[in-house]
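Participant: show me the folded form of this:
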Amino acid sequence: MEIVRSHRQLAAEAAGSAGGGAGSLPTYRAAPQLEVRLEEFELFAIDRLRVLKGISDGLSRGKRPEEMEKLVSDLWKAHMRHQDPAETLNKDIISHFVLRLVYCRTEELRKWFLSMETTLFRYRFRLESPDSQDAYDVSFNCHTKHCHTQNLSCQRQVSQVARSIGQSANVESVFFKVPFEEVPDLVASRRVFLSKGYAYVAMSQVVSLVVTQFRCNISKALVLTNRKWTATIKEQEKDRLTPIVEALSNAYFGPDYSQPKDAVEISGRILTNCSNFFPSLYAPHLRENHHLKHGGRMQFGLFLKGAGLKLEDALAFWRAEFSQKVGSERFDKEYAYSIRHNYGKEGKRTDYTPYSCQKIISATPGVGDHHGCPYRHFGEENLRAALNKMGVNGHPLEDIMDKVKNRHYQLACTLTFEAIHGVTCDTGINHPNQYFSESQKVLRAKRTKQHRANQQPKLHSYCTKYPSTKKGFSLDVATCNLEQVGMDSGSTPVNSSVVIINC
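Facilitator: Predicted structure coming up:
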């Protein structure tokens, strides 16, 4: 790489020459020689993973650069800060190398980790001081050659490009002359001057140059780590680190919904219109065929458990469905045990928790199975039909399908929630029971609002249009349908302010 700068800056650099050390932002080139407790090994990795997943969600939602910068800063403060700066640095380094071990194992995991770590580094680098940024430039590019801006034949063109991006273009300005393939993002957005295979990068754009080098280093390191993991580490640590490493890539950090705090009374009506509460594969099949294979029973049964369905009610519900096909006697012999087992009443007495989105997405349903994630396991035509049936169409539908094509399944589910309920969900959907819980909150809010509206005087004029009887009105607050109850052809209107709300 060739650095193009003025005489004054060269003199200043020579007078105040420093070593090649970077700032407080590590480059993660070599694993530290540190002793780490097993508990910290996992906890540090979990905290960093929260940051990376938050970044992934922000990128999927199409946040602008300034929004992403604030998001990264907030996530880092929330999960990675420590009272002792030295401990913060140790946690930063340790957590990176632990997750490097976790995400080196497959091409898909490596691609995701590389993208998120590069994004994290980019926005953290922007917060560094100019001196620190210069140190990183030296650290990543050891072989540099200096020359003067005024001696360039393309000085005018470089200055024009600099002014177009708001960069000062006087003789004191610094530009980096690099092969254009080292700054592909700047070339793609036409923010650099290109000449004879070189790009002239302004000082304010040096982040792109450093990030490209960082990404290259991490990419190579992930491949080498995978080789070491496969050859030695996996077998040597099979009883200690391997279970932790293999579990972290599919880890879910939200509530497990084993004991729902805001459980509502569950009844068969949920199945008749389940799209109000969660998008599923199994409920329509269960209604039509009165049977589900083991995977579907586990996923749906634990979901209902997390939603608040008691064991006795669960047995009654599954018996009512399955007995229509297999009979009550066969149900008691072959299926009742597994339901009690899910509630911790049989076998090892394990109290199983509902499946998270991450676990459902990673499942591989077989032929005849009706479980899994509809966004992950449905074909495009079937998914469009299912979403249309749920009332999602037009621009929201296309947004959802776009997220599915880009494999952002949880964000697609979040957009479905927002389209159906008409509210935003900034936290994103990470669990089917979260979808159910948030749906209940929206419906309760609508009922409360409708109930308050019914107390207003304007209700009299509305009821006058449809006079009530002694039995009053029935107001379906979930769908806001007003219908007459018990009206006779010869009935006489009574007090029109009397309204009965059947929730």
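Participant: so what pLDDT did the closest residue to Leu186 other than its chain neighbours get?
Facilitator: With C-beta to C-beta, 6 or more residues apart in numbering as the criterion, Leu186 has its nearest non-adjacent residue at 4.6 Å, and that residue is Val192. To be clear about C-beta, it is placed using only N, CA and C from the backbone, and glycine gets the same treatment. Val192 carries a pLDDT score of 77 in this model.
Participant: pull the number of nearby residues for Val192.
Facilitator: 25 (other C-beta atoms under 10 Å).
Participant: correct me if wrong: it contacts Glu182.
Facilitator: No - Val192 lies out of contact with Glu182 (C-beta atoms under 8 Å); the separation is 10.6 Å.
Participant: list the contacts for Leu194?
Facilitator: Phe180, Val187, Tyr200 (C-beta atoms under 8 Å, 6 or more residues apart in numbering).
Participant: this structure: strands as residue ranges?
Facilitator: Using DSSP state E, the strands found in the chain span residues 2-4, 145-147, 175-179, 193-195, 198-202, 473-476, 481-484, 500-501.
Participant: comparing those, which yields the minimum mean pLDDT?
Facilitator: strand 500-501 (a mean of 32).
Participant: the stretch 101-250 of the chain: helices as residue ranges?
Facilitator: For the stretch 101-250 of the chain, the helices defined by DSSP state H, counting those that start in this stretch occupy 107-126, 130-140, 155-164, 184-188, 206-228, 234-236, 242-248.
Participant: end-to-end on stretch 350-363?
Facilitator: Separation of the first and last residues of stretch 350-363 by C-alpha to C-alpha, to the nearest Å is 21 Å.
Participant: follow-up on the earlier one: dump the helices of the stretch 101-250 of the chain to CSV, plus distance to Asn382, mean neighbour count and mean pLDDT.
Facilitator: Output for the helices of the stretch 101-250 of the chain, formatted as CSV (distance: least, C-beta to C-beta, whole Å; neighbours: other C-beta atoms under 10 Å; pLDDT from 0 to 100):
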stretch, distance to Asn382, mean neighbour count, mean pLDDT
helix 107-126, 24, 18, 92
helix 130-140, 48, 17, 69
helix 155-164, 48, 16, 69
helix 184-188, 35, 14, 81
helix 206-228, 36, 17, 90
helix 234-236, 38, 12, 91
helix 242-248, 32, 15, 89
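Participant: who wins for proximity to Arg37 among these?
Facilitator: helix 242-248 (12.4 Å; C-beta to C-beta).
Participant: residues in contact with that closest one: which ones?
Facilitator: 38, 41-42, 45-46, 49, 98-99, 101-102, 105, 233-234, 237.
Participant: need the buried ones from these selected in ChimeraX.
Facilitator: If you want just the buried ones from the contacts of helix 242-248 in ChimeraX, going by 16 or more other C-beta atoms under 10 Å, the selection is:
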select :41,42,45,49,98,99,101,102,105,233,234
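Participant: between the contacts of helix 242-248, which is closest to Ala314?
Facilitator: Scanning the contacts of helix 242-248 for proximity to Ala314, where the rule is C-beta to C-beta, the winner is Ile46, at 32.3 Å.
Participant: so that closest one touches Phe253, yeah?
Facilitator: Yes - between Ile46 and Phe253 there is a contact under C-beta under 8 Å: 6.6 Å.
Participant: so what's the residue nearest the centre of the chain closest to, chain neighbours aside?
Facilitator: Nearest residue to the geometric centre of the chain (C-alpha atoms, centre = their mean): Asp57, 4.0 Å. Leaving aside its sequence neighbours, Asp57 sits nearest to Gly428 (C-beta to C-beta, 6+ apart; 5.3 Å).
Participant: for the one you found, give me the backbone phi and psi.
Facilitator: phi 80, psi 160 (degrees, to the nearest 10).
Participant: Tyr352 versus that one, what's the distance?
Facilitator: 24 Å (C-beta to C-beta, to the nearest Å).
Participant: over to Phe97?
Facilitator: For Phe97 relative to Tyr352 (C-beta to C-beta), the value is 34 Å.
Participant: of these two, which one has the most company?
Facilitator: Set Phe97 next to Tyr352 and count neighbours by other C-beta under 10 Å: Phe97 wins out with 20 against 16.
Participant: the more buried one - nearest residue in space that isn't next to it in sequence?
Facilitator: Ala31 (5.1 Å).
Participant: so what's the residue count around the one you found?
Facilitator: 14.
Participant: equivalent analysis for His377, please.
Facilitator: Other residues close to His377 by other C-beta under 10 Å number 19.
Participant: would you agree it is in contact with Pro365?
Facilitator: Yes - the criterion here is C-beta under 8 Å, and His377 meets it with Pro365 at 5.9 Å.
Participant: save the contacts of helix 242-248 as CSV, and put in distance to Asn433 too.
Facilitator: As requested, these are exported to CSV (distance: C-beta to C-beta, whole Å):
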residue, distance to Asn433
Leu38, 31
Phe41, 30
Glu42, 25
Ala45, 25
Ile46, 21
Leu49, 21
Val98, 29
Leu99, 27
Leu101, 31
Val102, 26
Arg105, 29
Ile233, 36
Lys234, 34
Glu237, 34
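Participant: wait, what's in contact with Leu25?
Facilitator: Going by C-beta under 8 Å, 6+ apart, the list of residues near Leu25 reads Phe121, Arg124, Phe125, Glu128, Ser132, Tyr136.
Participant: ok, these vs Met80, which is closest?
Facilitator: Out of those, the member with the shortest distance to Met80 (by C-beta to C-beta) is Arg124, at 10.2 Å.
Participant: fine, thanks again, bye for now.
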